[in-house]
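**Q** Sequence plus predicted model, see below.
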Amino acid sequence: MLVGYVLKRYPRYSETFVVNEILAHETAGLNIEIFALRPPSDTHFQNIISQVRSPVTYIKKPIQGRVSASLNSLAPTAASYFWAELQEAAKIIPDFWSKLAIAEGEQASTVYQAAWLAREAKLKGITHLHAHFGSVATSVARLASHFTGIPYTFTAHAKDIFHESVEFADMERKLKDASTVVTVSDYNLNYLQQTYPQAAQQVKRIYNGLDLRHLQYSSPADRPPLIISVGRLVEKKGLSILIDACAILKQRNCEFQCQIVGTGSLETALKQQIQDLELQSFVEIIGLRPQNEVFQLVQQAAVFAAPYVIGKDGNRDGLPTVLLETMALGTPCVSTDVTGIPEVVRHGETGLIVPQNNAEKLAFSLQELLTDSALRVRLSTQARQLIKSEFDIYCNTAVLRGLFCTQRRTLAWAGSPTCAKCLSRRDAEEL
């Protein structure tokens, strides 16, 4: 097989789960071509990106040599490039013009990139297309699949499901036309099947996985009273609630320091909040850090704060990778009852759950973990065991590769014998 991964942007600082997935596929011997609709826009990148061997093609501007023969104008316009790309695609895709009718209502840029991808997929011998997020990347993959007959799947995460901008009819088409759809939590699975009862019956839950070889557990028994939080400084991360909770801890004379790793649109407002509450000597926003440095910071902390909320626009986290990584590393977590988070942060078992937007209860749980070493060790030990059993990247990507197959075949193809052992009898029968 040769699988084309279709992504809106690649690489992205916050999407380590995509990189982890690709690396695990490569380790199992799967051939991958990465197609990105946009160039990267981040100023920092995670170090693991350098380990990816798959080639990357950016579907952005026309390749001059490819379409120049189809252009008659001395001063090509966007319209002439668009038309030339369609003509180039039609040269190698049978019945392309009759298939183009399915693109009715799509954005011109989506149709252009889909035609571009369809042609590249045929030329490169792509046998399957897989997109991440059910938004523009899946729109492009869906059209390219229709043009070429190459099946497509996609992984639905969070914003692409819950945001107010999601169009019901558009998502329903994508769910219906995909050979299979994957989502990252049982909460998401239930939501999709209730919202799209006819189209979402084939959706399967596969958790994002971690390479546990690079995430060694460290006991939190003897750590300084440090709170850490890692994430983009945006509404859904709930960091203003964390800062309010820190103000409560200060009022209680609780010994602590808090570090927030990340940047984002709310950085100025959050820094002003820290100043207004006179928390400058307690709370610090330290910006972006490479992944290996983030892991070191996490393992120095007594507790990880993840006070996620549902944004006013419906945006929310699905099951943040940093939460899984933190649990694997041995730092106990306090989080909220948002989306699939309680599936992994099980209250009193693998972490502590508090209601969203509740600074008082967040402060209480943070103080509990800051001051109770035995509780930290118990929760972190059980959290590590859960991550090992449910979130191993090699087991979970083996299941995903099985879904890429266009014909039923033995699971031995999907990777090492170890991966096959991780699959349940039901999964084996389905694949």
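**A** Looks like it came in fine. Numbering: from 1, shown residues only.
**Q** could you dump stretch 312-323 to PDB, C-alpha only?
**A** Provided in PDB are the C-alpha atoms of stretch 312-323 (Å, rounded to 0.1, in the frame of the first residue of the first chain):
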ATOM      1  CA  LYS A 312     -18.500  30.300  23.500                       C
ATOM      2  CA  ASP A 313     -18.300  29.200  19.900                       C
ATOM      3  CA  GLY A 314     -18.600  25.500  20.800                       C
ATOM      4  CA  ASN A 315     -14.900  24.800  20.400                       C
ATOM      5  CA  ARG A 316     -13.400  22.400  22.900                       C
ATOM      6  CA  ASP A 317     -10.600  19.900  23.200                       C
ATOM      7  CA  GLY A 318     -11.100  16.200  22.300                       C
ATOM      8  CA  LEU A 319      -8.500  14.300  24.200                       C
ATOM      9  CA  PRO A 320      -5.300  16.400  24.300                       C
ATOM     10  CA  THR A 321      -2.100  14.600  23.600                       C
ATOM     11  CA  VAL A 322      -0.200  16.600  26.200                       C
ATOM     12  CA  LEU A 323      -2.600  15.100  28.900                       C
END
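**Q** And the helix or strand containing Thr268, what's buried?
**A** Remark: Thr268 resides in helix 267-276, with elements defined by DSSP states H and E. Within helix 267-276, the residues scored as buried using 16 or more other C-beta atoms under 10 Å are 267, 270-271, 273-274. Bear in mind the C-beta positions are built from the backbone N, C-alpha and C, glycine included.
**Q** same thing with stretch 249-267?
**A** Within stretch 249-267, the residues scored as buried using 16+ other C-beta under 10 Å are 249-250, 254, 256-264, 266-267.
**Q** Could you do stretch 360-374 as well?
**A** Neighbour-count burial for stretch 360-374 [16+ other C-beta under 10 Å]: 361-367, 369-370.
**Q** Could you single out the nearest of those to Glu15?
**A** Leu362 (27.0 Å; C-beta to C-beta).
**Q** ok, now which ones touch that closest one?
**A** If you count contacts by C-beta atoms under 8 Å, 6 or more residues apart in numbering, Leu362 has them with 241-242, 245, 305, 307, 334, 354.
**Q** and which of those is nearest to Ala398?
**A** Closest to Ala398 out of the contacts of Leu362 is Val334 (32.5 Å), distances taken as C-beta to C-beta.
**Q** so which helix or strand takes in the closest one?
**A** Using DSSP H and E, Val334 maps to strand 333-336.
**Q** list the helices and strands that strand packs on?
**A** Packing partners of strand 333-336 (3 or more C-beta pairs under 8 Å, 6 or more residues apart in numbering; DSSP states H and E): strand 303-306, helix 321-329, strand 352-354, helix 359-371.
**Q** what's the closest of the ones you listed to Gln296?
**A** When the helices and strands packed on strand 333-336 are compared (using C-beta to C-beta), the closest one is helix 321-329, at 9.5 Å.
**Q** Contact partners for the closest residue to Asn47 other than its chain neighbours?
**A** In space, and not counting its chain neighbours, Asn47 is closest to Pro290: 5.4 Å by C-beta to C-beta, 6 or more residues apart in numbering. Counting by C-beta under 8 Å, 6+ apart, Pro290 touches 44, 46-47.
**Q** export the buried residues of stretch 249-267 to JSON lines and tack on pLDDT, secondary structure and distance to Asp313?
**A** Converted to JSON lines, these look like this (pLDDT from 0 to 100; DSSP: H, G, I helix; E, B strand; the rest coil; distance: C-beta to C-beta, whole Å):
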{"residue": "Leu249", "pLDDT": "98", "secondary structure": "helix", "distance to Asp313": "30"}
{"residue": "Lys250", "pLDDT": "98", "secondary structure": "helix", "distance to Asp313": "32"}
{"residue": "Cys254", "pLDDT": "98", "secondary structure": "coil", "distance to Asp313": "34"}
{"residue": "Phe256", "pLDDT": "98", "secondary structure": "coil", "distance to Asp313": "32"}
{"residue": "Gln257", "pLDDT": "98", "secondary structure": "strand", "distance to Asp313": "33"}
{"residue": "Cys258", "pLDDT": "98", "secondary structure": "strand", "distance to Asp313": "27"}
{"residue": "Gln259", "pLDDT": "98", "secondary structure": "strand", "distance to Asp313": "28"}
{"residue": "Ile260", "pLDDT": "98", "secondary structure": "strand", "distance to Asp313": "22"}
{"residue": "Val261", "pLDDT": "97", "secondary structure": "strand", "distance to Asp313": "24"}
{"residue": "Gly262", "pLDDT": "95", "secondary structure": "strand", "distance to Asp313": "20"}
{"residue": "Thr263", "pLDDT": "95", "secondary structure": "coil", "distance to Asp313": "20"}
{"residue": "Gly264", "pLDDT": "95", "secondary structure": "coil", "distance to Asp313": "15"}
{"residue": "Leu266", "pLDDT": "98", "secondary structure": "coil", "distance to Asp313": "14"}
{"residue": "Glu267", "pLDDT": "97", "secondary structure": "helix", "distance to Asp313": "19"}
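**Q** between those residues, which is closest to Ala137?
**A** Minimum distance to Ala137 across the buried residues of stretch 249-267 is 22.0 Å, recorded for Gly264 (C-beta to C-beta).
**Q** which residues touch the closest one?
**A** Residues near Gly264 by C-beta under 8 Å, 6+ apart: 232-234, 237.
**Q** can you give me phi and psi for the residue lying closest to it once chain neighbours are set aside?
**A** Sequence neighbours aside, Leu233 is the residue nearest to Gly264 in space, at 3.2 Å (criterion: C-beta to C-beta, 6+ apart). Main-chain dihedrals, Leu233, degrees, to the nearest 10: phi -90, psi 70.
**Q** what number of residues lie near Leu233?
**A** 21 (other C-beta atoms under 10 Å).
**Q** Please tell me I have it right and it contacts Lys271.
**A** No - counting by C-beta atoms under 8 Å, Leu233 does not reach Lys271; the two are 9.4 Å apart.
**Q** Now for these two: what residues contact both?
**A** Ile285.
**Q** per the record, what domains does the protein have?
**A** Split into domains by automatic domain parsing, the chain comes to 2-209+393-430, 213-389.
**Q** worst average pLDDT in those?
**A** When those are compared on average pLDDT, domain 2-209+393-430 comes out lowest at a mean of 86.
**Q** tell me how far that one is from the chain's mean position?
**A** 14 Å (C-alpha atoms, centre = their mean, to the nearest Å).
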